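Undergrad: Show me the folded form of this:
(one chain, ligands or ions: 1)
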Amino acid sequence: MLNIVLFGPPGSGKGTQAEKLIEKYNLIHLSTGDLLRSEVAAQTDLGMQAKAIMDKGELVSDEIVTKMVEKKLIEHKSAPGFIFDGFPRTVEQARELRNTLVDHRTKVTMVISLSVEREELMKRLVKRGEETGRSDDNEETISNRIDVYGRQTIPVTYYYDKTHIHHPVDGIGKVDEIFKRIVDVVEKNK
Ligand code: AP5
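TA: Modelled structure (predicted):
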């Protein structure tokens, strides 16, 4: 299986690049942000709990998120691989992912992390907020999402550095240029 963790701060282009990778490699997209937003849209209990946390830009509990991921892995047991987008976001989630994949007799093939500086992230997400009305794309929440990424999610890169499967990629430039950089990494490491 080809299991790619697409990593990076809010607005770094994980979702955008995930769509292109899925098309090229026929993978299943597993975005915890999208899964949570579906729960919010369906007004489930989980969705109602998650919405308040997401609107502040904080992280939903590891337990809720890892259960959602496991369910999706089971639903797509015979897939050729997955793109994990926005997951894992804590070291605990990274450990849970490792254990779950061992149960499924597979592992994370590579972690590709997109680097984009804060000013550009703010610009991209404020613009999307104006265009789409996504409720966590306002200046205050975006700023907190970036801070939370620095505090709680960056340590995940140290976890993967130890396994030598972590590949930083410059996330600045045209979408297609960045995609080419990512494909180069995938082809060398798959
Ligand atoms: P999530 O939905 O994962 O959001 P995020 O990580 O904040 O990332 P975004 O989707 O905003 O950005 P992206 O990197 O995917 O960039 P995109 O391609 O969309 O999470 C939302 C919330 O859910 C979290 O805050 C948390 O509360 C909760 N959550 C989710 N997962 C969780 C987990 N594992 N644990 C706990 N809580 C969790 O692009 C952004 C914009 O930039 C778009 O408008 C795009 O068109 C544009 N763009 C993309 N590439 C370029 C480019 N090269 N140049 C210019 N613009 C570009």
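
Undergrad: Just say helix, strand or coil for Arg105.
TA: coil (DSSP: H, G, I helix; E, B strand; the rest coil).

Undergrad: so what pLDDT did it get?
TA: We have a pLDDT of 92 for Arg105.

Undergrad: Show me which residues of the protein sit near the ligand.
TA: With Cβ under 6 Å from any ligand atom as the criterion, the chain comes near the ligand at residues 8, 10-16, 32-33, 36, 53-54, 57-60, 65, 86-87, 89, 93, 124-125, 128, 136, 145, 175, 178. Every residue, glycine included, has its C-beta placed from N, CA and C.

Undergrad: are any of those buried, and which?
TA: Restricting the residues of the chain next to the ligand to buried positions leaves 8, 10-16, 32-33, 36, 54, 57, 59-60, 65, 86-87, 89, 93, 124-125, 136, 145, 178, with burial counted as 16 or more other Cβ atoms under 10 Å.

Undergrad: Tell me the span between the first and last residue of stretch 104-120.
TA: Taking Cα to Cα, to the nearest Å, stretch 104-120 runs 38 Å from one end to the other.

Undergrad: What are the contacting residues of it?
TA: Here stretch 104-120 makes contact (Cβ atoms under 8 Å, 6 or more residues apart in numbering) with 1-9, 11-14, 17, 73, 77, 81, 84, 97-98, 101, 146, 157, 160, 165-172, 178, 182, 185-186, 189-190.

Undergrad: Please read off the pLDDT at the residue in the chain positioned nearest to the ligand from the model.
TA: Ranked by Cβ to the nearest ligand atom, the top residue of the chain for proximity to the ligand is Gly33, at 1.8 Å. Looking at Gly33, its pLDDT stands at 97.

Undergrad: pretty sure it contacts Gly86?
TA: Yes. Using Cβ atoms under 8 Å, Gly33 is in contact with Gly86, at 4.7 Å.

Undergrad: ok, how many other residues are close to Thr112?
TA: For residue 112 the amino acid is Ile, not Thr. Residues within reach of Ile112, counting by other Cβ atoms under 10 Å, total 24.

Undergrad: what is the mean pLDDT for the host helix or strand of it?
TA: Assigned by DSSP states H and E, Ile112 falls within strand 110-115. What strand 110-115 shows for mean pLDDT is 98.

Undergrad: Mind listing what's buried along it?
TA: Applying 16+ other Cβ under 10 Å to strand 110-115 flags Met110, Val111, Ile112, Ser113, Leu114 as buried.

Undergrad: Mind listing the strands it pairs with, and their directions?
TA: Counting by DSSP bridges, the strands paired with strand 110-115 are strand 2-7 (parallel), strand 166-170 (parallel).

Undergrad: Off-centre distance for that strand?
TA: The chain centroid and the centroid of strand 110-115 are separated by 10 Å under Cα atoms, centre = their mean, to the nearest Å.

Undergrad: Check which element follows that strand along the chain.
TA: Per DSSP H and E, the helix or strand that comes after strand 110-115 is helix 118-132.

Undergrad: Perfect, I'm done here.
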